[in-house]
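Asks: Sharing a model that was predicted from the sequence below.
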Amino acid sequence: MEKDSDLEEAWEYYKKINESLNGLFEILNMSIDKDNIFYQCAIDNLENLKEVIIDLMKKDYDSKEIQTKLRDLEFEMKKSLFFEKEKE
């Protein structure tokens, strides 16, 4: 029974991620000209991110390992944003 609830929870996370990625795609479509190189770069990155998330969900990784990697990613993103603000 626990496996079913874990699967349902994972599916709900996937749906949220999918909605977020689709929302970002819509924002790009509204705000950037499709002929702009940055538009295509952003779209490529969103597509790659979606593929990686799907691959992650298909594999049976240790959840602690994934949590550690996600925390590292979060730290790197915050550090990058923090130092970008200081450069201005």
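Replies: Ah, there it is.

Asks: Against which helices or strands is the lengthiest helix in the chain packed?
Replies: Scanning the chain for the longest helix, with DSSP state H as the assignment, gives helix 2-31. Contact analysis of helix 2-31 by 3 or more C-beta pairs under 8 Å, 6 or more residues apart in numbering; DSSP states H and E lists helix 37-58 as its packing neighbours. The C-beta positions use only the backbone N, C-alpha and C, and glycine is treated the same way.

Asks: could you give me the average pLDDT of the helix it packs on?
Replies: Averaging the model's pLDDT scores along helix 37-58 yields 84.

Asks: Report the buried residues of that helix.
Replies: By neighbour count, with 16 or more other C-beta atoms under 10 Å as the criterion, the buried positions of helix 37-58 are A42, I43, L46.

Asks: what's in contact with the very next helix or strand once past that helix?
Replies: Proceeding C-terminally, helix 37-58 gives way to helix 63-87 as the next helix or strand, assigned by DSSP states H and E. By C-beta atoms under 8 Å, 6 or more residues apart in numbering, the residues outside helix 63-87 that reach it are L56.

Asks: what angle sits between helix 63-87 and helix 2-31?
Replies: Angular relation of helix 63-87 and helix 2-31 on a 0 to 180 degree scale: 30 degrees, by axes from the mean of the first three to the mean of the last three C-alpha atoms, to 10 degrees.

Asks: Taking helix 37-58 as reference, get the angle to helix 63-87.
Replies: Here the directions of helix 63-87 and helix 37-58 differ by 160 degrees (the same axes, to 10 degrees).

Asks: re earlier: relative to K34, which of the buried residues of helix 37-58 is nearest.
Replies: Of all the buried residues of helix 37-58, the one sitting nearest K34 is I43; the distance, using C-beta to C-beta, is 8.9 Å.
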